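Trainee: My questions concern the predicted model and sequence given below.
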Amino acid sequence: MRAAFDLSPLYRSTVGFERLVDMLDQATRVESMTNWPPYNIEKFGDDAYRITMAVAGFSPDEIELVQQESALSVNGQKHAEPEDTQVLHRGIATRAFKQTFNLADHVKVTGASLENGLLTIDLKREIPEALKPRRIAISTGTAPEAQPQIIEHQPEAPSKAA
């Protein structure tokens, strides 16, 4: 069992990091369902991610993926077994699970598949063009009507008629 940490000093000494401190606080709590089902998080390049979860025994219709704002919830609920089935030994876990992943801004689920007992969820960070950094040239002219020249590609704003 992990020792509990008091994160209250962080709340008193930080501004604007409440979400980060809340995530740290949640991570320090011992919860029985956080370790099951086991999963991997992989990063491919700068903007592509993959979550792989071991969900042996679950079919696609028993798993629900929901992305709501910056959270991805993965819920699994097994259907009831037929009454004529008698299980002599249960080694494959069939308990319900709920796993929530906090996603960074602009990260979207691009696909999901279930193969060989592994649920694979592909994610991609898609930063809107308006939020990407852009480089602006500095003009040397002293005329007040001189407009800064954009060096890198920027979406064109609608022009106003003069």
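Mentor: Received, thanks. This structure is a prediction, so every number in the text was calculated from the model and none was measured.

Trainee: so where do the strands sit in the chain?
Mentor: With DSSP state E, the ranges of strands along the chain come out as 39-44, 48-54, 63-68, 71-76, 97-102, 107-115, 118-125.

Trainee: Need these in JSON lines (columns: distance to residue 91 and mean neighbour count).
Mentor: (Glycine included, C-beta is placed from N, CA and C.) Formatted as JSON lines, these follow (distance: least, C-beta to C-beta, whole Å; neighbours: other C-beta atoms under 10 Å):
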{"stretch": "strand 39-44", "distance to residue 91": "20", "mean neighbour count": "12"}
{"stretch": "strand 48-54", "distance to residue 91": "14", "mean neighbour count": "17"}
{"stretch": "strand 63-68", "distance to residue 91": "20", "mean neighbour count": "13"}
{"stretch": "strand 71-76", "distance to residue 91": "17", "mean neighbour count": "17"}
{"stretch": "strand 97-102", "distance to residue 91": "17", "mean neighbour count": "16"}
{"stretch": "strand 107-115", "distance to residue 91": "20", "mean neighbour count": "13"}
{"stretch": "strand 118-125", "distance to residue 91": "18", "mean neighbour count": "18"}
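
Trainee: Relative to residue 89, which of those is closest?
Mentor: Set against residue 89 and scored by C-beta to C-beta, these come closest in strand 48-54, at 19.6 Å.

Trainee: With just CA atoms, put that closest one into PDB.
Mentor: Taking Å, rounded to 0.1, in the frame of the first residue of the first chain, the C-alpha atoms of strand 48-54 are listed here in PDB:
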ATOM      1  CA  ALA A  48       0.200  10.600 -32.200                       C
ATOM      2  CA  TYR A  49      -0.600   8.400 -29.200                       C
ATOM      3  CA  ARG A  50      -2.000   4.900 -28.600                       C
ATOM      4  CA  ILE A  51      -3.600   3.300 -25.500                       C
ATOM      5  CA  THR A  52      -3.600  -0.500 -25.500                       C
ATOM      6  CA  MET A  53      -5.700  -2.300 -22.900                       C
ATOM      7  CA  ALA A  54      -5.800  -6.000 -22.100                       C
END
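
Trainee: Show me what that strand packs onto, helices and strands only.
Mentor: Where contact means 3 or more C-beta pairs under 8 Å, 6 or more residues apart in numbering; DSSP states H and E, strand 48-54 is packed against strand 39-44, strand 118-125.

Trainee: No more questions from me, cheers.
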